[in-house]
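K.L.:
Generate coordinates for the sequence data below:
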Amino acid sequence: MSTPIFKKEHPTKTNHVHRYHHWLTNTYVQSTAFFLLLGIFLYTFLFSTYPPIHDAVHELRHSLWIIPCH
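P.N.:
Residues are numbered from 1 along each chain as shown. Below is the predicted model of the structure:
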């Protein structure tokens, strides 16, 4: 049987894996991503004029008294 030329992975590959794992588990990155998605969600459902979304939350917009829709 032939033996592989390279017996172990390139060291920079494992460094990138550890770097990105640390970046994704960072609390600041997670909280920023959460609040960004929350902002997109709230904007979509409270301020969007896209008809299917607007019609679904029309009564909510009027009951809040702070979001004009007409």
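
K.L.:
Could you list the low-pLDDT ranges of this protein?
P.N.:
Along the chain, the parts satisfying pLDDT under 70 run over 1-24, 69-70.

K.L.:
so where do the helices sit in it?
P.N.:
11-24, 27-46, 51-56, 58-64 (DSSP state H).

K.L.:
Dump these into a markdown table; add mean neighbour count as well.
P.N.:
Just so you know, the C-beta spots here come from the backbone N, C-alpha and C atoms, and that holds for glycine as well. Formatted as a markdown table, the helices of the chain follow (neighbours: other Cβ atoms under 10 Å):
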| stretch | mean neighbour count |
| --- | --- |
| helix 11-24 | 10 |
| helix 27-46 | 10 |
| helix 51-56 | 10 |
| helix 58-64 | 12 |
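
K.L.:
then stretch 41-52 to CSV, C-alphas only?
P.N.:
Extracted in CSV, the C-alpha atoms of stretch 41-52 (Å, rounded to 0.1, in the frame of the first residue of the first chain):
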residue,chain,number,x,y,z
PHE,A,41,-38.3,41.3,12.4
LEU,A,42,-39.9,44.3,14.2
TYR,A,43,-39.4,46.5,11.1
THR,A,44,-41.0,44.0,8.8
PHE,A,45,-44.0,43.4,11.0
LEU,A,46,-44.6,46.9,12.3
PHE,A,47,-43.5,49.3,9.5
SER,A,48,-43.6,47.4,6.3
THR,A,49,-46.1,48.3,3.6
TYR,A,50,-45.9,45.0,1.9
PRO,A,51,-49.7,44.1,1.6
PRO,A,52,-49.7,40.5,3.0
